[in-house]
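Visitor: Can you look at this prediction? I've put the sequence above it.
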Amino acid sequence: MKKISSFIPVHVINKNDLIKGLTSYISNVFPEDVLDNIEVGSIKDNVLIISCKNSSVATLMRFEKQRFIDLLSDNSICKIDDIKVTIINYD
């Protein structure tokens, strides 16, 4: 009997590793007050999708998007051209 992990496509495993690495990098360069309120959702076509726990942090990230892109510019994991911000719904 095969393990379930043998059925997981390689690109899914690679994307998971990419998100983990980027999350680790972000935890080292983003301000602490922002870190407590965000989660890395996904990355596609050099666009980072970040979910925010409240609207005030989401607004800050939208208005200061270029600052956060600049903070990510030195990472060796992947190139980030844009950041999309969403709000986590806890309904």
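Guide: Perfect, I can see it now.

Visitor: give the contact list for residue 83.
Guide: Contacts for residue 83 (Cβ atoms under 8 Å, 6 or more residues apart in numbering) come out as 47-50, 61, 65, 68-69. C-beta here means a position set from N, CA and C on the backbone, and glycine is covered the same way.

Visitor: Only the buried residues of the helix or strand hosting it, if you could.
Guide: For residue 83, the element it lies in under DSSP states H and E is strand 82-87. Going by neighbour count (16 or more other Cβ atoms under 10 Å), the buried part of strand 82-87 is 83, 85.

Visitor: and it, which strands flank it?
Guide: If you go by DSSP bridges, strand 82-87 pairs up with strand 47-52 (parallel).

Visitor: How about residues contacting the partner strand?
Guide: Contacts of strand 47-52 (Cβ under 8 Å, 6+ apart): 22, 37-43, 58, 61, 72, 80-88.

Visitor: same check, this time on stretch 72-80
Guide: Outside stretch 72-80, the residues that touch it by Cβ under 8 Å, 6+ apart are 18, 21-22, 25-26, 29, 43, 46-48, 69.

Visitor: Just the terminal-to-terminal distance for that stretch.
Guide: Stretch 72-80 has an end-to-end distance of 7 Å (criterion: Cα to Cα, to the nearest Å).

Visitor: is it true that residue 61 touches residue 69?
Guide: No. Proximity of residue 61 to residue 69 does not meet the contact threshold set by Cβ atoms under 8 Å, at 10.4 Å.
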